[in-house]
Each structure stands twice: as C-alpha cells, then as structure tokens.
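*Asks:* with the input below, show me the fold.
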Amino acid sequence: MKRILTMTSLLALFASTTLARQNGYPYTQVPFTSVKIAPNTFWGDRIKAAREVTIPLAFSKCESEHRYKNFEMAAYTLQHPGHSGLQTKEWDVSKFMGFSFDDTDVYKTIEGASYVLQSFPDAKLKAYIDSVLDVVAAAQEPDGYLYTARTINPEHPHQWSGKKRWEVEEILSHELYNLGHMVDAACAHYQATGSTKFLNIAKRYADCVIKEVGAADGQACVVPGHQIAEMALARLYVLTGEKKYLDEAKFLLDYRGKTGRKDLYSQSDKPVVEQTEAWGHAVRAGYMYAGMADVAALLGDSSYIKAIDTIYENIVGRKYYLTGGVGARHSGEAFGADYELPNLTAYNETCAAISMVYLFERMFLLHGDAKYIDCLERTLYNGVISGMSVDGGKFFYPNPLSSDGHYRFNADNTMTRQPWFGCACCPSNLSRFIPSMPGYVYGVRDNNLYINLFAANTATIQVNGKNVTIEESTEYPWDGDIAIKVLQNKAKAFNMMIRIPGWVQNHVVPSDLYSFSDDVLSGYEIIVNGQKMKGELQNGYFVINRNWKKGDVIRIHFDMPVRTVMANMKVADDRGRIAVERGPLVYCAEWADNDGINPHHLLLARHPQFELKTAYGIQNTEGDGKTFNVTAIATKAQEASITSEGKLVAKDVTVKLIPYYAWNHRGAGRMDVWIARSLSGLDD
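*Replies:* Got it, this is the predicted structure:
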C-alpha cells in the first residue's frame, strides 16, 4: 500500500511539473498541489466548508436530481439498442432532464472533490469518485461521444439537442460545453490522484470532437454555443503534450464569427481577434477570453494577445463592478454598455465572477503585472465568495449591489440564498472553484517567486528547478500583517517578489472607473530578519534579492484604513454616492445590523469617521445557525425621511457596515453598497 501511495504521489508530481514546463506562459502558476492552506483561517474555513458541505451537497444533488440516472439510462440504451422503453414516458428525455448540460454538474463536483483529495486524502471519497466514473464511462458511446441528452433516446433526444450531433451546438445543445467541463475535471482528477481513469474517458470524447468538428469536408463546422472547451482543450494539451487538442482549441476560437451564428450574445458577431469590447453572456465571454489567453501563450499569437489586452481594458475600465463582478444585465445574463452598472438590478452571476478570476490570472501569467492580481483579489473576496454562504450550503446566482429584499427576476421575487437551483451551474461551479484557490497564491518565472495572494499556508515551490519551501502566516484580510518564513531553500539566491496591492498604493482599480474619495494615505513596510527594506516597485512588486537561508523571515505590514470610494461620473447609478472599503473587502449596509434604519435612505458624511468592530458576530440563520465573525465598521450618518407635511428631514444615526460577501445570511432585506453623500452638516 505504501508503494502504491508513493507511486500515486509521484504521478501527481509529474502532472504538476508537466504543467509548469509546458504551459507556454512567460510566468507560471504554482499548482494547487504545491500549496497547503492552513486550517482555521479565512481560506482554510472556506475550503473546509466546500469539503464538508458544498461538495457532499453537490454529490447528493447528483443523486436526487437524476444526474447519475441520466448516465445509467444512457448506458442501458447502449447495452440494449432499440429497447422498448424508448417509446415510453420514462425514456422521454425532456421529461426528466432539466437542461442539456446537466451532465456537467457531475463533472464539476468531481473536479472540486479532486482538488480536495490532494490536500485531504480520503479513501472513501476517492472510491466514491471511482464508482461515479464507472457510471460515467458506461454511458460513453463506442466512438467516444458522451452526451446523455442524446444517447438516452437517440430518436427523441432532449429538446435542446437537435436531431443530429452538433446540429444545434451553437444554440442550445451544449455538447462542447459538456466536453469542456469533463476535460477540466479529468485533468484535475489526474493531477490530484495520478489515476488516468477519468482522463481516458475525457480524451476519448475529445478525440471524437476532433474527428467530427472542424473545417474539413464531412465535419460539422461549428463553434461552442457556450464556451469553455477552448481553455479545457488547451489544458489537455499541456497535460498530454498531444498538439491535436491545442489545434482543436484554436479552431474553436478562429472560426468564431465565421460560422452560422453571428451575434453579440455569443461573442460571435466578428472574429475574436477583431473584438475590442466585452459583450454578451458574461460567463461565456469570460471563459472565451481565458481560452484566448491560453492559446495565445501556447502559440505565441500576438493578435490574440492584442485582442484580450484590449478587452481586459474595456472590462476593468468601463464594465466592472466595485465588487469585482461582471454582467450588468439580467437579460442575456450579459455585459451592458460602457458604464452601464446598475445596482438594484445588477446580475453579476457568480459563475461570471469565477470566469474573471480565470481571465485575470492568465493576464498575470502573460504580463507579470500585479495589477491583474489586484483585480483577481477584488473579484475573489467580493464577487466570488458572496455567491456561497459561509457554511457552504446556500448560494446566490445573481449578486446585486443593492437590495430591497426582492429580486424581480427570481421566480419567487425574493433575494435569498438558495440551497440549490434547477440550473445548478453556480453551486457546482463553486464546489470546483473554492478548493482550487490554493493555485492562485503564488507564481514563478526564472529566478523570481511571486507572492500574489496573502493567505496562511505552507508551500513547496520550484524556483529555477530547485525546491523552496515557505510558510506564510497572516490574518488577512482582517489585518495587513503577513509573515513569510523560509523553511527550506535549494535555490539559494532568488528574488522574492511581494505584491503591494493597488489599494495600498491609492488605486482602487487599474483604471479611472473608481477612485478613492478621501485624503487618507496607506503605506507599507517590509522587514527581513529585523532589517527594514527599501526599494522601488517593479510592476507592482517589491523585490528582495538575497541568498535565502532556512529560518529567514519576511514581515510585511500594509496599513489597512477604512477608505471611501467614488465612481467615475459616467456611471449614472453611482453619482452622488460613495462606497466603503477596507483592504480587499467592499462593505455594505444591511438591514439586520441597523434596527429601524433604511439603508436606502442613508446619507454619509463627505469625510466620515469610522470605528472598527472586530469579531463582530453574524448569525447564519439562513444556514446552519452558527455565528461567524467579521470586522464590521461603524460610522455616523443621517437617515432621510419625509414628514406627513411633505418636508424632507434627516436625523443623526449610527450605521454599521459589514463585508459585502457576508450579506443576506440573516434573510432578505434592504442592503446597499453605494450610499448617498450628505449635502450638509455632518462633516463641517
């Protein structure tokens, strides 16, 4: 058994080093397999919630919501072609399969569980995944095609599937979307376990796609209706070295705007290299942009790089919420026009925020600039984790920046966290994303080790092919103190590149979309073995070059004052309003902390004074009922109201604000991120 475990570890290590060697980017993401997040910390708690609640919940939903049954029914049809059951209601696919992409709930949950297995070996979980893979494999057709929405009943497939393979791929079938999530999950499973069981299934489907989808005679010349296959196939190429997968990813991108479908919604109105703005369905767009970055890096395609650079600037400069979310419009779950950023009706799908993390990480890997990690951090701490309750058991699909307790686009018109959704893309996506977070903490290039995110962890990282082991201790994001200790160093002299966040440097985002509205200045201090360091920043990084020795300690301090933010005047919905931030966290005023006060009627002083409320307890009445702690902020404000005589009056109140990600744990009610400025009195 010990020998088997050792071989499994070696295979997983081989997968990780393969990724590091071949990914094509100038900078390399340190894989999740190399970083162990400390328990009982900010991110340790979230990974624990995903491991103990979200992933088991997702697996249970795969059982109760017919996901596994779909594969079993497809397998039965393959084993008994033309069976009499095909004519019965039981086998009418549209009667029991909600969406043609339901298979992906299984894949995404396996992916998340695979990330968890790397840090928390669990023989029962591994065996359970293996049993699920047996069910999945049995539904695969002889040529590798794996799409239960058709295979269950080829004569009467799901209503979104079309009469023939790929026939409506660009509209509704999601055959290539299913492939993308399968491949991503299979790569993660191989990385974590060393097993090729899932990888072989995914490769067979990918090979089927390569044979049947393309520009040659006899092939279906289509591109994905919902993107993700592009970056998944690039990942499969990196893992296997088989260039056919990269070639197919390039085809799926190159032919966008050249096939039957041409519209903004699906980012197919023009070829990808001619696109300059983020338009259409925000999740599809984010996945496509990430795939473009992968292909650009692997092939050195300058036209792709130019296009995504331009699109990135458009997003961060004109279509990016303060919380790091994207997708202003409920209609089409889509990006809006420039500066169209409504708060009450903001869509900001959780999956879209996840797609932005993928994009921002890849922009860093291309260019090595800290500004991309600044955006990643903002989205991660606000737009992503707001989508999952702290206990891991309830979820948001949209993430607005204002609420009256309702959301008119939800079926029940309420804005509450849900235990699941019929279209379960967000909870299953969170189940795979949260455990992957350790893979975003560090980066490397040549002799440089990049400290990108601040989270308590221990990591063994290869710098110039030599192992460096470091331990990071911090209570971030609650305070700005970080200690990094060298536990082992085989690389001797190298550069420790420490990101100095944009908010420390007086930049809200790397554009003029938002700016600080106060005159507070933040600073930082870096001390190595008791000696204060001085130096210039390089692309947002403080550089320390030395021959690092075991026991060396870097102590980092970021001032973390409360700051106020204003939006560009072109953002109509935020004119005359300010928002509150501290460190990487955006804050909001919610009904539950402010008895009798209507957050919509608040007026903040032009220069408010703030008081921190550390270990401020929030009872998760919408989940497990337990209390979790945050740092809250209190400040003086005014609440406006209209008297019975029709006069506008304002009374002095004290208002409390909590981190945006923590809102709605106590039920539906009023909430605001952007609060009106007082026109008089409070700060004179």
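
*Asks:* quick one: low-confidence residue ranges for this structure.
*Replies:* Across the chain, residues meeting the criterion (pLDDT under 70) sit at 1-22, 408-413, 679-684.

*Asks:* okay, and the residue nearest the centre of it sits in which element?
*Replies:* By Cα atoms, centre = their mean, the chain has its centre lying nearest to Ile354, at 2.1 Å. Ile354 is part of helix 350-367, with elements assigned from DSSP states H and E.

*Asks:* check contacts around the residue nearest to the centre of the chain.
*Replies:* By Cβ atoms under 8 Å, 6 or more residues apart in numbering, the residues touching Ile354 are Gly286, Val384, Asn429, Leu430, Phe433. For the C-beta atoms, the positions are set from N, CA and C on the backbone; glycine is no exception.

*Asks:* for the residue nearest to Leu380 when sequence neighbours are not counted, which residues are in contact?
*Replies:* Setting aside the residues directly before and after it, Leu380 is nearest to Val357 in space (Cβ to Cβ, 6 or more residues apart in numbering), at 5.9 Å. Val357 is in contact with Leu376, Thr379, Leu380, Val384, Phe433, Tyr440, counting by Cβ under 8 Å, 6+ apart.

*Asks:* would JSON lines of the residues you listed with distance to Tyr115 and secondary structure be doable?
*Replies:* JSON lines is the format used below for these (distance: Cβ to Cβ, whole Å; DSSP: H, G, I helix; E, B strand; the rest coil):
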{"residue": "Leu376", "distance to Tyr115": "18", "secondary structure": "helix"}
{"residue": "Thr379", "distance to Tyr115": "19", "secondary structure": "helix"}
{"residue": "Leu380", "distance to Tyr115": "16", "secondary structure": "helix"}
{"residue": "Val384", "distance to Tyr115": "15", "secondary structure": "helix"}
{"residue": "Phe433", "distance to Tyr115": "9", "secondary structure": "helix"}
{"residue": "Tyr440", "distance to Tyr115": "12", "secondary structure": "helix"}
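
*Asks:* ok, so of those, who is nearest Lys492?
*Replies:* Distances from these to Lys492 were compared by Cβ to Cβ; the smallest belongs to Tyr440, at 26.8 Å.

*Asks:* the closest one and Tyr372 touch, don't they?
*Replies:* No: contact status for Tyr440 versus Tyr372: not in contact, 11.2 Å apart, counting by Cβ atoms under 8 Å.

*Asks:* name the residues contacting each of the two.
*Replies:* With contacts taken as Cβ under 8 Å, 6+ apart, the residues that reach both Tyr440 and Tyr372 are Glu361.

*Asks:* so the residue nearest to Lys570 when sequence neighbours are not counted, which of the three states?
*Replies:* When the adjacent residues along the chain are set aside, Lys570 lies closest to Tyr339, with 4.2 Å between them (Cβ to Cβ, 6+ apart). Each residue gets one of three states, and Tyr339 gets coil by DSSP: H, G, I helix; E, B strand; the rest coil.

*Asks:* correct me, but Tyr339 touches Arg318?
*Replies:* Yes: applying Cβ under 8 Å as the test, Tyr339 and Arg318 come out as touching, 5.7 Å apart.

*Asks:* which parts of the stretch 151-300 of the chain are helices?
*Replies:* 175-193, 197-212, 229-240, 243-254, 282-299 (DSSP state H, counting those that start in this stretch).

*Asks:* which strands or helices does the fourth one pack on?
*Replies:* When you say that, I think you mean helix 243-254. Counting contacts by 3 or more Cβ pairs under 8 Å, 6 or more residues apart in numbering; DSSP states H and E, helix 243-254 packs against helix 197-212, helix 229-240, helix 282-299.

*Asks:* could you export the ones you listed as CSV, including mean neighbour count and distance to Thr654?
*Replies:* Converted to CSV, these look like this (neighbours: other Cβ atoms under 10 Å; distance: least, Cβ to Cβ, whole Å):
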stretch, mean neighbour count, distance to Thr654
helix 197-212, 20, 55
helix 229-240, 26, 48
helix 282-299, 26, 37
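
*Asks:* can I get those in TSV including distance to Asp269?
*Replies:* Putting the helices and strands packed on helix 243-254 into TSV (distance: least, Cβ to Cβ, whole Å) gives the following:
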stretch	distance to Asp269
helix 197-212	24
helix 229-240	17
helix 282-299	12
